[in-house]
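S.K.: let's see this in three dimensions:
(one chain, ligands or ions: 2)
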Amino acid sequence: MITETTTTGMYEQLKALLADTVPDFELRIKAEVAAEINRLKAEKNAVILGHNYMEPALFHSIPDYVGDSLELSRKAAQTDKDIIVFCGVRFMAETAKILNPGKKVLLPSEKAGCSLAASITAADVRELRQKFPGVPVVTYINTYADVKAESDICCTSANAIAVVESLHTDTVIFIPDEYLAGNVARETGKKIIFPTREPVKNFETELDYQMIGWPGRCEVHEKFTVEDIRNVRKQFPDVVILAHPECSPEVVEASDFSAGTTAMIRYIERTKAPRYLLLTECSMGDNIAAANPEKEMLRLCSIRCPHMNQITLEDTLEALRKDQYQIVIDEVIRRRAYSSVERMLAIG
Ligand code: 13P
Ligand code: SF4
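M.R.: Ligands and ions are numbered 1, 2, ... in the order given. Below is the predicted model:
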C-alpha cells in the first residue's frame, strides 16, 4: 500500500516499483488518480480491499489490504470503516456485504462478474439437494449470495480440502467448479461424479462415489493445457510451474505446486528457483515481478480475466466520488448466506 496523497509522491513511489512494467506516461496518469483516491478514502472513512489479480498500478497503490478471496473476506469481516470498496469481482463484494450488512459496500464496475458464479443458480442447488437428500453442499466462494444461501458451507481455493474434511461425511456435493472439485477429489482420494438429468438409482445403497460436482469452469484457468506445460519445460527444464486449482486436474498434476493465489505468491517469495511460471491470471505475475525484481517470472500470458480487468483506478475513483455501485442483498438471503460463509471462516 502507498499512503501518499500527493501526485508527485505517488508517482515517485510507483515508478520505483513499476518502471519496467508500466509505461511512464501511463504511470503519471495513474499516480494522479491514485493520490486522489487516497485523499477521498481518508475523507470518507473507507477501506479498499484489492484482490491479487488487480493490475499492477492499482495493486501496489491504493488497497489497504491485498490478498486472496479468503484473506479479503476476513479483512471485510474485521473492518470498522464506514465504506468498503472492493477492487475485485462481484461475488467478492457480495461476500463483504454478507458479512457487513450495515456498511456500504462498493464495486467499482458493474461488469465485474465471474464465469464460475454465472454457472449455477439457487434453483440448481435445490434440485441437487432433492436428487441427493441429506448430502451436505460445499459451495465455492465464487458464487452469488442466493447460491450461498442454499449451501451448508463455503470454501475458497485456500481451504477447500480442510472444509471438505471438516464435514466428516462419506459424500459431499461440491459446486460449481468442476476442476476445483476434481483437484479436491484427487487430494482427498475421493471418487467424483457429475450429475446427469437421469434420476439417481439406489443412491442410499449403491454408492460408489463420494463427491458430486457441477460442470462450472473458470474461463481463464480452463485455457491452460498440459501441452503448454510440456512446451515450456522443453525450453526451460529448470522452471518451477505453479497452477491455480481452478486449472484442470491434469494441468495441476503436471505442475510443481498448486494452491490459492496468496499461497502461490508466498511460495515464490520463499523459494529460490531459477525461474517460475504461473498458470493463473497474468496480472499476478506482474505484481510478483514488481515486488521481487530478483525473481525471474516467465510469461505465458495473453490471459487476463475479463472481469477482474474491469476494475481500474479511474472507476475506483468514480466509485468513491459517487458511492457506486452499491451491493444490495435481500436480507433473508443474506442471513442464510451468512451462515455458510461464517461456518467457513470458523474453519480456517
Ligand atoms: P483465490 O481465492 O485463490 O484468490 O482465487 C480467486 C479467483 O477468482 C481465482 O480465479
Ligand atoms: Fe472468475 Fe476465473 Fe475471473 Fe477468477 S479468474 S474471477 S474464477 S472468471
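S.K.: does any bit of stretch 146-160 sit next to ligand 2?
M.R.: No - taking C-beta under 6 Å from any ligand atom as the criterion, stretch 146-160 and ligand 2 are apart, separated by no less than 9.2 Å. Glycine gets a C-beta too; all of them are placed from N, C-alpha and C.
S.K.: what about that stretch, average pLDDT?
M.R.: In this model, stretch 146-160 carries a mean pLDDT of 97.
S.K.: quick check: which ranges of this protein have low pLDDT?
M.R.: Within the chain, the segments meeting pLDDT under 70 span 196-209, 301-302, 348.
S.K.: mind listing the strands for it?
M.R.: All strands of the chain, identified by DSSP state E, fall at 46-51, 65-67, 83-87, 104-106, 137-140, 153-155, 172-175, 192-193, 211-212, 239-243, 257-258, 275-279, 297-298.
S.K.: could you dump those into CSV with distance to ligand 1 and mean neighbour count added?
M.R.: Listed next are those as CSV, based on distance: least, C-beta to the nearest ligand atom, whole Å; neighbours: other C-beta atoms under 10 Å:
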stretch, distance to ligand 1, mean neighbour count
strand 46-51, 6, 24
strand 65-67, 7, 21
strand 83-87, 13, 27
strand 104-106, 18, 22
strand 137-140, 9, 26
strand 153-155, 10, 26
strand 172-175, 15, 26
strand 192-193, 20, 16
strand 211-212, 20, 21
strand 239-243, 12, 22
strand 257-258, 11, 19
strand 275-279, 11, 23
strand 297-298, 18, 17
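S.K.: just put those strands in JSON lines and tack on distance to residue 129.
M.R.: Below are the strands of the chain laid out as JSON lines (distance: least, C-beta to C-beta, whole Å):
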{"stretch": "strand 46-51", "distance to residue 129": "31"}
{"stretch": "strand 65-67", "distance to residue 129": "32"}
{"stretch": "strand 83-87", "distance to residue 129": "30"}
{"stretch": "strand 104-106", "distance to residue 129": "29"}
{"stretch": "strand 137-140", "distance to residue 129": "7"}
{"stretch": "strand 153-155", "distance to residue 129": "14"}
{"stretch": "strand 172-175", "distance to residue 129": "8"}
{"stretch": "strand 192-193", "distance to residue 129": "16"}
{"stretch": "strand 211-212", "distance to residue 129": "11"}
{"stretch": "strand 239-243", "distance to residue 129": "32"}
{"stretch": "strand 257-258", "distance to residue 129": "30"}
{"stretch": "strand 275-279", "distance to residue 129": "34"}
{"stretch": "strand 297-298", "distance to residue 129": "44"}
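S.K.: which one, of the ones you listed, ends up nearest to residue 166?
M.R.: strand 153-155 (7.9 Å; C-beta to C-beta).
S.K.: what residues does the closest one touch?
M.R.: 136-141, 143, 148, 162-164, 166-167, 340-341, 343-344, 347 (C-beta atoms under 8 Å, 6 or more residues apart in numbering).
S.K.: partners of it in the sheet?
M.R.: Partners of strand 153-155 in the sheet, by DSSP bridges, are strand 137-140 (parallel).
S.K.: list the contacts of the strand it pairs with.
M.R.: Residues outside strand 137-140 that contact it (C-beta under 8 Å, 6+ apart): 116, 125, 128-129, 147-148, 150-157, 160, 163-164, 167, 172-177, 180, 340.
S.K.: buried ones among those residues?
M.R.: Buried members of the contacts of strand 137-140, counted by 16 or more other C-beta atoms under 10 Å: 116, 125, 128-129, 147-148, 150-157, 160, 163-164, 172-177, 180, 340.
S.K.: my guess is residue 190 contacts residue 212, does it?
M.R.: No - using C-beta atoms under 8 Å, residue 190 makes no contact with residue 212, being 10.3 Å away.
S.K.: return the distance of the closest residue to residue 179 other than its chain neighbours relative to ligand 1.
M.R.: Nearest non-adjacent residue to residue 179, counting by C-beta to C-beta, 6 or more residues apart in numbering: residue 248, 5.1 Å away. Applying C-beta to the nearest ligand atom, to the nearest Å, one obtains 14 Å for the distance of residue 248 from ligand 1.
S.K.: give me every residue that touches residue 248.
M.R.: Counted by C-beta under 8 Å, 6+ apart, residue 248 has contacts 179, 182, 222, 224.
S.K.: which of those residues has the largest number of neighbours?
M.R.: Using other C-beta atoms under 10 Å as the neighbour criterion, residue 224 leads those with 26 neighbours.
S.K.: name the nearest residue to residue 6, sequence neighbours excluded.
M.R.: Nearest residue to residue 6, sequence neighbours excluded (C-beta to C-beta, 6+ apart): residue 35, at 5.9 Å.
S.K.: for the one you found, give its distance to residue 113.
M.R.: Counting by C-beta to C-beta, to the nearest Å, the gap from residue 35 to residue 113 is 30 Å.
S.K.: who's more crowded, these two?
M.R.: The residue with more neighbours, out of residue 35 and residue 113, is residue 35; 22 against 16, by other C-beta under 10 Å.
S.K.: residue 161: how many residues sit nearby?
M.R.: Residues lying near residue 161 (other C-beta under 10 Å) number 15.
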